[in-house]
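Peer 1: take a look and give me a structure for this.
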Amino acid sequence: MQVTVPMPSSVPPLGASFETELVKAVANITATEDEGLGINHIFGPVLDLGRELRWGRVEEGFGEDAYLSGELGHAFVAGLQQGKRRGAGENASARMAATCKHFAAFGSPQGGLNLAQVSGGERELRTTFLKPFHRACLDSLSIMTAYSSYDGIPAIANTHMLTGILREEWGYKYWVTSDAGSVDLLVTLHGTCDTRECAAKTALENGLSGEMGGGTYTFLTLTDQIKEGKVDVKYLDETVKGLLRAKFALGLFENPYPYEDYTSFIRTPHSREVLHQADLESIVLLENKGGILPLKTGIGSVALIGPQADRVTFGDYVFFNASLNGISPLDGFKQYLNTTSSSTQINFAQGCELWSNDESGIAAAVEAAQSSDVAIVMVGTWSLDQTLLWTPGTNATTGEHVDVHDLALVGAQLKLVQAVKATGKPTVVVFVSGKPVAEPWIQAHADAVVQQFYPGELGGLALAEIIFGAVNPSGKLPVSFPRDVGTTPVFYNYLKGSRPIDAGQVLDNGQLIFGHAYVLDSPVPLWSFGHGLSYTTFNYTDLQISPSTISTTEDFTVTVTVHNTGSVDGKEVVQVYITDVLSSVVTPNQDLVGFQKVNVPAGGSATVSIKVLSSQLAVWSLRNAWVVEPGAFTVKVGTSDQVFAQGTLMVA
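Peer 2: As a prediction, the model looks like this:
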């Protein structure tokens with residue numbers, strides 16, 4: 001099977017969109033572009049949860065929440081595999097093989113270090129890490145295992161996960177593959193084998209998985225081991241069955257070749273329209289003090305400042321020099337203003353590098369701000385393409401094997417923001433990043449804060465359209481922003497009692513205020529999961545839970561009316577959370593169980609109904625089984641840290 005990875009240069013930060021149909025459309029375009037090139041196997045979606053923010057690969061997933069990741073992952077798989085390849089027979093059922101990864105629990109390594117151990121037990125595995133895979137991947141034609149160990153067992157050789165749960169309990173019948181070089185890690189990292197022969201035998205027999213290239217091709221030892229009777233050929237047969245099922249589903253034995261007209265599949269007007277929309281719906285407005293945004297297109301001058309202003313930053317694993325196809329914010333602002341025939345003057349100054357403490361450029365940035373009506377400072381993290389990412393001597397702050405000890409801005413970036421704000425000009429800070437940035441000073445002092453997770457090719461234009469109000473922001477945070485790396489983890493659905501709050505604080509003047517839960521800081525995030533502002537306002541009424549009393553096997557529906565009480569049209573993400581009031585094991589303080597993005601015209605309203613399955617109420621019981629326990633459940637509509645409407649569900 002030919003292999004590629006989905007290109008982040010064409011796939012924006014979809015987790016922030018909270019829009020399954022949009023994710024499905026983007027994935028479908030990815031499949032269309034790759035199909036013409038003869039590619040049939042995509043290494044995505046990534047379902048690792050962004051709960052350990054020091055980990056470099058947070059940017060690759062859909063965020064911190066298992067339910068959101070499962071729903072968006074399911075949409076991505078459906079979009080990729082939908083349809084049939086040209087020339088495939090009637091028995092073919094998909095045109096692309098999605099690959100859910102990394103199975104399982106890979107995204108929470110100790111210390112945030114890639115490949116490091118993941119600690120946890122069966123309950124955490126079931127209630128957190130496996131949920132997105134169960135939702136998204138039962139129909140995916142491929143699954144990739146993780147590098148790490150979980151509870152002391154290497155994921156690639158975890159019989160319980162790969163055979164007991166995936167194959168026997170879930171009935172998964174398609175292709176499972178290792179990650180690059182991970183078979184070797186049984187020898188070189190985990191220390192559970194002392195020879196390549198042992199590693200190949202252990203991975204095959206315990207995982208029924210193939211070996212991805214990029215290592216030392218340890219599975220080549222299987223030929224002799226099978227001949228010598230050291231490995232039963234039945235394990236190889238079972239693994240090959242999964243591969244053949246995937247190939248038959250794709251029709252690869254009928255037409256595995258690229259198309260002569262492959263160029264007609266790439267960057268079509270339709271694909272650019274969908275990807276542009278994805279960029280727009282993924283931008284999150286975090287702060288907007290005094291309604292400084294949106295800017296009026298007739299504003300006299302705008303200072304574009306910062307190391308991300310004239311740069312195209314994509315995520316890791318894009319092809320070499322992919323950023324040459326993107327639109328920087330500076331070019332995006334110019335392009336947008338030209339289309340509106342605006343006379344607004346753009347005053348650009350970089351101010352500093354992403355990777356340097358050199359402050360010599362800050363004076364020019366201050367001058368640009370002083371000469372403008374408003375200053376927009378663009379800072380953040382950066383990743384590199386798949387070639388530069390692995391080139392010695394290069395630098396980055398996100399991406400595979402790029403793990404960090406701190407989540408603050410690197411180098412002179414914060415000083416740049418502070419210097420611009422000190423001019424007295426209205427200051428908008430834009431984070432262009434692959435993960436949350438922990439800078440409480442910016443949250444406290446900037447007039448507005450915008451988050452753009454690494455965008456697609458049209459990201460610079462989309463940002464301009466949001467800033468000037470041509471499009472109303474509708475993105476929501478798929479991951480919480482901590483105040484400091486020392487206050488992590490900060491995921492919203494912590495177990496009850498796990499976030500005591502007696503916060504301390506260090507004031508701008510250096511005064512120390514002591515608390516007793518993080519003595520000089522707070523465990524409460526700067527912005528929590530689900531947060532995202534709009535240029536309009538919304539109100540919620542008429543909450544109904546139907547039926548309000550259910551049996552342990554009965555589903556229910558949450559209905560609410562959303563009112564746009566502002567002066568502009570807007571999209572709102574209705575989010576439904578539940579809390580199990582009393583349970584036999586400790587359960588999360590809240591869990592997302594449903595969401596829907598809805599467009600509501602100014603002055604209008606929309607009624608939204610979200611179905612919740614009874615299985616979403618289940619706990620992994622003391623007897624190691626899923627059980628829906630009778631009792632009360634609090635149902636909340638809002639964000640993870642805000643309540644707009646609330647009711648009670650009874651399970652009898």
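Peer 1: my read is that residue 333 contacts residue 303, right?
Peer 2: No - Residue 333 is not in contact with residue 303 according to CB atoms under 8 Å; the separation is 10.9 Å. For glycine as for every other residue, the C-beta is placed from the backbone atoms N, C-alpha and C.
Peer 1: more neighbours, those two?
Peer 2: residue 303 (30 against 26; other CB atoms under 10 Å).
Peer 1: in three-state terms, label the more buried one for me.
Peer 2: strand (DSSP: H, G, I helix; E, B strand; the rest coil).
Peer 1: could you give the bridge partners of it?
Peer 2: Here residue 303 sits in beta bridges with residue 347, residue 375, going by DSSP bridges.
Peer 1: that one and residue 372 touch, don't they?
Peer 2: Yes - here residue 303 reaches residue 372: they are 3.8 Å apart, a contact under CB under 8 Å.
Peer 1: what's the overlap in contacts for those two?
Peer 2: Common contact partners of residue 303 and residue 372 (CB atoms under 8 Å, 6 or more residues apart in numbering): 347, 425.
Peer 1: you'd agree residue 246 is up against residue 142?
Peer 2: Yes - taking contacts as CB under 8 Å, residue 246 lies within contact range of residue 142: 6.2 Å.
Peer 1: what is in contact with those two at once?
Peer 2: Listed as contacting both residue 246 and residue 142 by CB under 8 Å, 6+ apart are 97, 174-175.
Peer 1: filter those down to just the ones in strands.
Peer 2: If you go by DSSP state E, these have residue 175 in strands.
Peer 1: for ChimeraX, what selects the buried ones among the shared contacts of residue 246 and residue 142?
Peer 2: A single ChimeraX command suffices to select whichever of the shared contacts of residue 246 and residue 142 are buried according to 16 or more other CB atoms under 10 Å:
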select :97,174,175
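Peer 1: show me which of the shared contacts of residue 246 and residue 142 is closest to residue 132.
Peer 2: residue 174 (17.3 Å; CB to CB).
Peer 1: returning to that earlier point: nearest to residue 417 among the shared contacts of residue 246 and residue 142?
Peer 2: Closest to residue 417, out of all of those and judged by CB to CB, is residue 97, at 44.5 Å.
Peer 1: surely the closest one touches residue 43?
Peer 2: No - the criterion here is CB under 8 Å, and residue 97 misses it with residue 43 at 9.7 Å.
Peer 1: contacting residues around the residue located most distally from the centre of the chain?
Peer 2: Seen from the C-alpha centroid of the chain, the residue lying at the greatest distance (CA atoms, centre = their mean) is residue 228, 46.2 Å away. Residue 228 sits next to no residue when contact means CB under 8 Å, 6+ apart.
Peer 1: and for residue 439?
Peer 2: Residue 439 neighbours (CB under 8 Å, 6+ apart): 408-409, 414.
Peer 1: same thing with residue 226?
Peer 2: The contact partners of residue 226, by CB under 8 Å, 6+ apart, come to 232-233, 236.
Peer 1: on the three-state scheme, it is what?
Peer 2: On the basis of three-state DSSP, residue 226 is classed as helix.
Peer 1: and it, how far is that from residue 238?
Peer 2: According to CB to CB, to the nearest Å, residue 226 stands 13 Å off from residue 238.
Peer 1: do the same with residue 197
Peer 2: Note on residue 197: its distance to residue 238, by CB to CB, is 20 Å.
Peer 1: same question for residue 440.
Peer 2: Counting by CB to CB, the separation of residue 440 from residue 238 is 53 Å.
Peer 1: what of residue 514?
Peer 2: According to CB to CB, residue 514 stands 60 Å off from residue 238.
Peer 1: more neighbours, the two?
Peer 2: residue 238 (15 against 10).
Peer 1: OK, contacts around that one?
Peer 2: residue 208.
Peer 1: ok, residues contacting the helix or strand bottoming out on mean pLDDT in the chain?
Peer 2: Ranked by mean pLDDT, DSSP states H and E, the weakest helix or strand in the chain is strand 505-506, scoring a mean of 92. With contact meaning CB under 8 Å, 6+ apart, strand 505-506 is reached by 512-513, 515, 520-522.
Peer 1: quick one: low-confidence parts of the protein?
Peer 2: Scanning the chain for pLDDT under 70 picks out the ranges 1-12, 215.
Peer 1: per-domain residue ranges of it.
Peer 2: According to automatic domain parsing, the chain comprises the domains 18-250, 281-487, 538-651.
Peer 1: for residue 258, find the nearest of the ones you listed.
Peer 2: Within the domains of the chain, the stretch nearest residue 258 is domain 18-250; the backing value is 3.1 Å (CB to CB).
Peer 1: gap between the two ends of the closest one?
Peer 2: 29 Å (CA to CA, to the nearest Å).
Peer 1: off-centre distance for that domain?
Peer 2: In this view, domain 18-250 has its centroid 17 Å away from the chain centroid, taken as CA atoms, centre = their mean, to the nearest Å.
Peer 1: quick check on the contacts of residue 226: which are buried?
Peer 2: Applying 16+ other CB under 10 Å to the contacts of residue 226 flags residue 236 as buried.
Peer 1: turn the contacts of residue 226 into a markdown table, columns for distance to residue 24 and secondary structure.
Peer 2: As requested, those are arranged in a markdown table below (distance: CB to CB, whole Å; DSSP: H, G, I helix; E, B strand; the rest coil):
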| residue | distance to residue 24 | secondary structure |
| --- | --- | --- |
| 232 | 41 | coil |
| 233 | 40 | helix |
| 236 | 36 | helix |
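Peer 1: tabulate the contacts of residue 226 (JSON lines), appending distance to residue 37.
Peer 2: JSON lines is the format used below for the contacts of residue 226 (distance: CB to CB, whole Å):
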{"residue": "232", "distance to residue 37": "39"}
{"residue": "233", "distance to residue 37": "35"}
{"residue": "236", "distance to residue 37": "31"}
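Peer 1: which one of the contacts of residue 226 is nearest residue 567?
Peer 2: Closest approach between the contacts of residue 226 and residue 567, by CB to CB: residue 236, at 66.1 Å.
Peer 1: I'd say the closest one and residue 219 touch.
Peer 2: No - counting by CB under 8 Å, residue 236 stays clear of residue 219, with 9.3 Å between them.
Peer 1: between those two, what contacts are shared?
Peer 2: Common contact partners of residue 236 and residue 219 (CB under 8 Å, 6+ apart): residue 204.
Peer 1: can you give me the strands for the stretch 501-650 of the chain?
Peer 2: Here the stretch 501-650 of the chain has its strands, by DSSP state E, counting those that start in this stretch, at 505-506, 512-513, 538-546, 549-550, 556-564, 570-580, 591-600, 605-612, 619-620, 626-627, 631-639, 642-651.
Peer 1: residue 36: which of the ones you listed is closest?
Peer 2: Evaluated over those, closeness to residue 36 peaks at strand 591-600, with 30.8 Å, by CB to CB.
Peer 1: so how far is the closest one from its chain's centroid?
Peer 2: 17 Å.
Peer 1: what does stretch 346-355 give?
Peer 2: The answer for stretch 346-355 is 28 Å, by CA atoms, centre = their mean.
Peer 1: first to last residue in it, what's the distance?
Peer 2: The first residue of stretch 346-355 is 25 Å away from its last residue (CA to CA).
Peer 1: pull the helix or strand that contains residue 132 out as CSV, backbone CA atoms only.
Peer 2: Secondary structure from DSSP states H and E places residue 132 in helix 131-136. Output of helix 131-136 as CSV, limited to C-alpha atoms (Å, rounded to 0.1, in the frame of the first residue of the first chain):
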residue,chain,number,x,y,z
LYS,A,131,-13.3,6.3,23.7
PRO,A,132,-12.4,8.3,20.6
PHE,A,133,-11.0,5.1,19.0
HIS,A,134,-14.2,3.2,19.7
ARG,A,135,-16.3,5.9,18.2
ALA,A,136,-14.2,6.8,15.2
